[in-house]
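# Dropping the sequence and predicted coords here.
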Amino acid sequence: MNTRTNEQPAHGPRLRKADGSPIRVLVVDDEPTLTDLLSMALRYEGWEVRTAGEGRAALTQAREFRPDVIVLDIMLPDIDGLQVLQRLRADGYQTPVLFLTAKDSLDDRIAGLTAGGDDYVTKPFSLEEVVARLRGLIRRSTMAVSDSSDPRISVGDLTLDEDSYEVFRAGEQIELTATEFELLRFLMRNPRRVLSKAQILDRVWSYDFGGKSSVVEIYISYLRKKVDAGREPMIHTVRGAGYMLKIA
């Protein structure tokens, strides 16, 4: 059991969905003690929690429970967490995913993000850290409420709607994950402005990746494939400085 439990989860303002119902969380790990502790911490937040100890059980629970966010261990006894997420994404599920990994290596973390994960924590972790990461994912997912009077942001033929979480380029809809959406929104709110990797990490992920800024490069690559594919590029690299969104 590798989880640090000496810290109580921070109990900030309760997050609920727009219709007032509780956030639904699926916790997937083959260590019962860990899933029990996480479930306790998340229920303390007022969230509804279900658990699974294997990958195939997780797929079943995800399809039946329709969670708003998933905590997913990479190492599972039948199929690993990366395969679980790949199958969910292939089925059209864009649910934000927080990976749990026992390996403190960049390659392992990048593998999780490349598979479509939105964030990760490395074991051993504190319950407070997991709750904080999940709250961040939930806030930037489709459950987030916009405080803008005009929910639409437009740059050239690219339009982002903060209320419906829809993105269009030249009238064609673009499907984005929660993290991709938040990254694009940050770029679109700052057109023709160079944004450093550090600024992007702080705004999109809300914490320091310990200098592992390669996660920004990965997500910029994802956005380019979706936003710029077959079109005039809008996302530009400014070497040694960062990235900029502008009309060519």
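Looks like it came in fine.
# Leu59: which element?
Assigned by DSSP states H and E, Leu59 falls within helix 55-65.
# which other helices and strands contact that helix?
Applying 3 or more C-beta pairs under 8 Å, 6 or more residues apart in numbering; DSSP states H and E, one finds that helix 55-65 contacts strand 24-28, strand 48-52, strand 69-73, helix 81-90. Placement of C-beta: from N, CA and C, glycine included.
# Quick check: Lys123 touching Ala102?
Yes - shown here, Lys123 and Ala102 form a contact pair, counting by C-beta atoms under 8 Å, at 4.7 Å.
# Show me how the record splits this protein into domains.
The chain is divided into the following domains under the TED database: 24-141, 152-245.
# How far off centre is the longest one?
The one in question is domain 24-141. Mean C-alpha position of domain 24-141 versus that of the full chain (C-alpha atoms, centre = their mean, to the nearest Å) differs by 11 Å.
# about what we covered before: for the helices and strands packed on helix 55-65, state which one has the densest average packing.
Among the helices and strands packed on helix 55-65, strand 69-73 has the highest mean neighbour count (mean count of other C-beta atoms under 10 Å), at a mean of 27.
# CA atoms only for it, dumped as PDB, please.
Extracted C-alpha coordinates of strand 69-73, given in PDB (Å, rounded to 0.1, in the frame of the first residue of the first chain):
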ATOM      1  CA  VAL A  69     -14.300  11.500 -14.200                       C
ATOM      2  CA  ILE A  70     -12.200   8.300 -13.900                       C
ATOM      3  CA  VAL A  71      -9.300   7.500 -11.600                       C
ATOM      4  CA  LEU A  72      -7.400   4.700 -13.500                       C
ATOM      5  CA  ASP A  73      -4.400   2.700 -12.400                       C
END
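# Partner strands of it, with direction?
Strand 69-73 has the following strand partners under DSSP bridges: strand 24-28 (parallel), strand 97-101 (parallel).
# any idea which helix or strand comes after the lowest-mean-pLDDT helix or strand in the chain?
Ranked by mean pLDDT, DSSP states H and E, the helix or strand of the chain with the weakest confidence is helix 106-114, at a mean of 65. Remark: after helix 106-114, the chain's next helix or strand is strand 119-122, criterion DSSP H and E.
# before we move on, the earlier item: of the domains of the chain, flag the one that's most buried.
Most buried among the domains of the chain, given mean count of other C-beta under 10 Å as the contact rule, is domain 24-141, at a mean of 19.
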